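Participant: Below are the sequence and a predicted model for it; my questions follow.
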Amino acid sequence: MSEKTVAILCGGGPAPGMNGVISGVTIAARNNGWNVIGVYEGFSHLAKGEKKVTTLTSDDVSKIHLQGGSIIHTARFNPTKNEEHLKTAINTLRDLGVTHLVTIGGDDTAYSASTVASYAKKNMGINFSVVHVPKTIDNDLPLPEGVPTFGFETARQVGADIATNILEDAKTAQRWFIGIAMGRTAGHLPLGIGKSSAAQVTIIPEDFADAKIGLQTVVDIIAGSVIKRLADGKGFGLAIVAEGIIEKIPEEDLSGVEGLARDEHGHIRYAEINFGELLKKAAIKRLAEVGVKMNFVTKDIGYETRCATPNAFDIEYTRDLGYAAFEFLQNGGADAIITVVNGEAKPLPFSEMLDPVTKKTAVRFVNVNSVKYKIARSLMTLLEPADFEAGKVEKLAAVTNLSVAEFTKQFKK
């Protein structure tokens, strides 16, 4: 084994381009005489003292950047929740001869990596140089303005392709689809999918200033879009709704959901909540109340995007990130998140990126004052104040069984 050994591991959910980072790190390290090992399933085996690893060579990774997924898999295991797990993970890395560690993941993995490095040094006298490569299709990590998290661009493209296809289905069958898109806290991915696919309406958490919003508010946005389209002679459409909207809805409004299961990091397991079906039933009921019959179909858009074959942007971007991560370690760097800005590597120290209280990075929300957001909104079919002016509102009310006055009372927000 060479004097310097870099280990690579992936944590959290998959994202297109993970293999590109693995490839970039491995080739750069091997070209400089370093040993490289891939650790399977994140910290999960290390914390049990299991050396489930594989040696990585340049030949092993020469083509993997063209593949989705991760050749060393991934896992949502948090070693910081149990001190014995933390110590065991550190000792296992030491026994493997690891001197440097590259982690690939979101903010939970970044915190785990930061804690492993600091605990090893302060409590065990072991020095690991750690660098983290940020990954999430949600694009919600606080990277410099205009710098996406890797995997986002591919996920948006794949999601938009799916949305475009179901919108054509909606047109052909004359019905509406409600697509629930991944996006736990921020709405970058749903907005990108909706805008790219020309969805009639996209609803994201950033649309609402209040911490909580009633389910009825969300349903009325969809119902309003349906009515406006019908008034224009169009009996079909697509609503893209961010899964994170559910966190803004009071739990009493989610009475149809039995128990909100959460993962070990405290996040709601959205896959176990049929949010689309909840919205579908509520929208059908709301429209029936005003004399409108509409057929809805729901579609979750998310898991199909996570292990998709990365597009050219993410292939190049992730290989750059992998190379930059190794170069940072080679030059003596440690304890930072690596980014590439305007073609230059830019490390962001853990101390500046991770909140010591929440143990997470700040969330990068969609900028509702940006031109991109304003254009997206302008392209949607939404009930606007101008729609309630005389000469316009009558046409909308005529689609329903409501008088103009009652329609205005119920739908003008």
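Facilitator: In hand now; what should we look at? Worth saying up front: this structure is predicted, and the values here are computed from it rather than measured. Numbers count the residues shown, from 1 in each chain.

Participant: My guess is residue 103 contacts residue 11. True?
Facilitator: Yes - between residue 103 and residue 11 there is a contact at 6.3 Å, judged by C-beta atoms under 8 Å. All C-beta atoms are positioned from the backbone trio N, CA, C, and that covers glycine.

Participant: which neighbours do these two share?
Facilitator: Counting by C-beta atoms under 8 Å, 6 or more residues apart in numbering, the contacts common to residue 103 and residue 11 are 109, 112.

Participant: So residue 51 sits against residue 96, correct?
Facilitator: Yes - between residue 51 and residue 96 there is a contact under C-beta under 8 Å: 6.1 Å.

Participant: which one of the two has more residues nearby?
Facilitator: residue 96 (17 against 13; other C-beta atoms under 10 Å).

Participant: Would you confirm that that one contacts residue 55?
Facilitator: No - using C-beta under 8 Å, residue 96 is not in contact with residue 55, being 10.6 Å away.

Participant: shared neighbours, the two?
Facilitator: residue 37.

Participant: Report the residue ranges of every domain in this protein.
Facilitator: 5-150+310-353, 152-306 (automatic domain parsing).

Participant: List just the one of those that sits closest to residue 408.
Facilitator: domain 152-306 (11.9 Å; C-beta to C-beta).

Participant: And the average pLDDT for the closest one is what?
Facilitator: On average, the pLDDT along domain 152-306 is 91.

Participant: Burial check on the nearest residue to residue 52 once chain neighbours are set aside, number of neighbours?
Facilitator: With sequence-adjacent residues excluded and distances taken as C-beta to C-beta, 6 or more residues apart in numbering, residue 52 is closest to residue 45, at 4.1 Å. Close neighbours of residue 45, defined as other C-beta under 10 Å, add up to 19.

Participant: same check, this time on the one 10 residues further on
Facilitator: Applying the criterion other C-beta under 10 Å, we find 11 residues in the vicinity of residue 55.

Participant: Leaving out chain neighbours, which residue sits closest to it?
Facilitator: residue 37 (5.7 Å).

Participant: Nearest to residue 403 among the domains of the chain would be which one?
Facilitator: Comparing these under C-beta to C-beta, the one sitting nearest is domain 152-306, at 11.0 Å.

Participant: mind checking how far the closest one is from the chain centre?
Facilitator: Per C-alpha atoms, centre = their mean, to the nearest Å, the displacement of domain 152-306 from the mean C-alpha position of its chain is 16 Å.

Participant: Mind listing what's buried along stretch 91-109?
Facilitator: 92-93, 96, 98-109 (16 or more other C-beta atoms under 10 Å).

Participant: out of those, which one sits closest to residue 308?
Facilitator: residue 104 (16.6 Å).

Participant: Kindly export the host helix or strand of that closest one (C-alpha atoms) in PDB.
Facilitator: Per DSSP states H and E, residue 104 falls inside strand 100-105. C-alpha atoms of strand 100-105 as PDB (Å, rounded to 0.1, in the frame of the first residue of the first chain):
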ATOM      1  CA  HIS A 100      -7.500  11.200   3.100                       C
ATOM      2  CA  LEU A 101     -11.200  10.900   2.700                       C
ATOM      3  CA  VAL A 102     -13.500  12.100  -0.100                       C
ATOM      4  CA  THR A 103     -17.200  12.000   0.700                       C
ATOM      5  CA  ILE A 104     -20.000  12.500  -1.800                       C
ATOM      6  CA  GLY A 105     -23.400  13.500  -0.600                       C
END
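
Participant: Now do the buried residues in the next helix or strand along the chain from it.
Facilitator: Going down the chain from strand 100-105, the next helix or strand is helix 107-124, by DSSP H and E. Residues of helix 107-124 classed as buried under the neighbour-count rule (16+ other C-beta under 10 Å) are 107-117, 119-120.

Participant: Out of these, which comes closest to residue 401?
Facilitator: The nearest one, if we look at the buried residues of helix 107-124 relative to residue 401 and count by C-beta to C-beta, is residue 107, at 49.3 Å.

Participant: quick one, strands of the stretch 101-250 of the chain?
Facilitator: 129-134, 176-181, 201-203, 237-242 (DSSP state E, counting those that start in this stretch).

Participant: what does the third one contact?
Facilitator: Pointing back at strand 201-203 there. Contacts to strand 201-203, defined as C-beta under 8 Å, 6+ apart, come from residues 187, 190-191, 193-195, 218, 221-222, 225, 237-242, 245, 376, 380-382.

Participant: Straight-line length of stretch 42-62, end to end?
Facilitator: 22 Å (C-alpha to C-alpha, to the nearest Å).

Participant: wait, stretch 98-108
Facilitator: Its first and final residues considered, stretch 98-108 spans 22 Å by C-alpha to C-alpha.

Participant: and residue 5, what does it touch?
Facilitator: 34, 35, 36, 37, 96, 97, 98, 99, 100.

Participant: what does residue 345 give?
Facilitator: 324, 327, 328, 338, 339.

Participant: just to revisit the earlier point, could you look over the strands of the stretch 101-250 of the chain and pick the most buried one?
Facilitator: strand 237-242 (a mean of 28; mean count of other C-beta atoms under 10 Å).

Participant: And the domains of the chain: which comes nearest residue 405?
Facilitator: Nearest to residue 405, of these and by C-beta to C-beta, is domain 152-306 at 13.5 Å.

Participant: And that closest one, end to end?
Facilitator: Domain 152-306 has an end-to-end distance of 9 Å (C-alpha to C-alpha).

Participant: tell me the centre residue of this protein?
Facilitator: What sits nearest the mean C-alpha location of the chain, by C-alpha atoms, centre = their mean, is residue 138, with 2.1 Å.
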